[in-house]
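**Q** sequence first, then the predicted structure:
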Amino acid sequence: MNMLFVLAEAESNQVMPIDVLWEQIARLSWLEALIAVSFGAVYLIYGWRIFKVLAVVSFGMVGLFAGMQLGEKIGGSNSILWGGVIGLALLSVLSVPLMHWAVSALGAVAGGIITSCIWYAVGLPPEYIWAGAIIGIVAGGMISFIVFRISVMLFTSLGGAILIITGLLALANIYEQSQTESGNFVYSLVNDYNWFMPAMLIFATFVGMVVQNKLVKGASNWKL
């Protein structure tokens, strides 16, 4: 979750904060990377079992960040903590009775992230990446309301994919740096090849959705 805050605070003129993402990858220790991969695997494969908890946590984090920003603007640094706590509690509580809307919103955001990745990967003008994001948000939102299960699988698979890829890249970077003749291969993959991160993210998300779909079909007691 800290990564989400750092990315949100990236410079406004930075359309795709790849360098910020790399900074977070490079900071992870091997233990933190393993934890990210482990939690990501659970998120990716069994997110459909715990999607309500994940939705509440996600909206709680959004409320925390929004509350901190609002508190700073209204009352300065002294109000950041209280603003974050109030925002966290408010959105967490609201997401429970509005679970269907909350999950659909997360599905729409996931759709926007995926189409933004595609836009970035194929080399379209980065200053208009918001257009690709809007297409994904609209498509993801419509699909979420038509087939709610897809929304659940989409946002949980995407969340798990982000954690797994981040953890694996961090482990690969740690191994590379431990070698006597270490290069910058992992760094180059992330920063120099526009297609690499989007391709990995979309592939892992697709795998997660396929696996979850099979598990959901075999679970007769699963409820939305």
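**A** Good, I have the coordinates.

**Q** how about the residue nearest the centre of the chain, what does it touch?
**A** The chain has residue 159 as the residue nearest its centroid, 4.5 Å off, counting by C-alpha atoms, centre = their mean. Neighbouring residues of residue 159 by C-beta atoms under 8 Å, 6 or more residues apart in numbering: 40, 43, 44, 47, 54, 58. In this view, the C-beta of every residue, glycine as well, is placed from N, C-alpha and C.

**Q** any idea how far residue 187 is from it?
**A** Computed with C-beta to C-beta, to the nearest Å, the distance linking residue 159 and residue 187 is 25 Å.

**Q** again with residue 172
**A** As judged by C-beta to C-beta, residue 172 and residue 187 stand 10 Å apart.

**Q** so where do the helices sit in this structure?
**A** 2-8, 18-27, 30-46, 51-75, 80-95, 99-121, 129-146, 148-178, 185-192, 196-217 (DSSP state H).

**Q** dump those helices to a markdown table, plus mean pLDDT.
**A** Shown next, in a markdown table, are the helices of the chain (pLDDT from 0 to 100):
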| stretch | mean pLDDT |
| --- | --- |
| helix 2-8 | 42 |
| helix 18-27 | 84 |
| helix 30-46 | 93 |
| helix 51-75 | 88 |
| helix 80-95 | 90 |
| helix 99-121 | 90 |
| helix 129-146 | 87 |
| helix 148-178 | 92 |
| helix 185-192 | 87 |
| helix 196-217 | 91 |
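
**Q** what about residue 217, distance to residue 108?
**A** Applying C-beta to C-beta, the value for residue 217 to residue 108 is 24 Å.

**Q** how many residues are close by residue 44?
**A** 25 (other C-beta atoms under 10 Å).

**Q** residue 141 against residue 104, yeah?
**A** Yes - judged on C-beta atoms under 8 Å, residue 141 makes contact with residue 104 at a distance of 6.3 Å.

**Q** who has more neighbours, these two?
**A** Using other C-beta under 10 Å as the criterion, residue 141 and residue 104 rank with residue 104 on top: 22 against 18.

**Q** quick one, what contacts that one?
**A** With C-beta under 8 Å, 6+ apart, residue 104 has these contacts: 141, 144, 145, 148, 151.

**Q** show me the two of the residues you listed that sit farthest apart.
**A** The largest separation in those, counting by C-beta to C-beta, is between 141 and 148 at 11.7 Å.

**Q** any idea how far stretch 184-196 is from the chain center?
**A** 19 Å (C-alpha atoms, centre = their mean, to the nearest Å).

**Q** buried set for it?
**A** Of the residues in stretch 184-196, those buried by neighbour count under the rule 16 or more other C-beta atoms under 10 Å are 186, 187, 190, 194, 196.

**Q** stretch 37-51 now?
**A** Within stretch 37-51, the residues scored as buried using 16+ other C-beta under 10 Å are 37, 40, 43, 44, 45, 46, 47, 48, 49, 51.

**Q** measure residue 69 to residue 87 for me?
**A** On the measure of C-beta to C-beta, residue 69 and residue 87 end up 9 Å apart.

**Q** need the overlap of contacts for these two.
**A** By C-beta under 8 Å, 6+ apart, no residue touches both residue 69 and residue 87.

**Q** settle it for me: which of these two has more neighbours?
**A** A direct count of neighbours by other C-beta under 10 Å for residue 69 and residue 87 places residue 87 higher, at 23 against 16.

**Q** so what's that one up against?
**A** When contacts are counted by C-beta under 8 Å, 6+ apart, residue 87 is found next to 62, 63, 64, 65, 66, 67, 68, 70.
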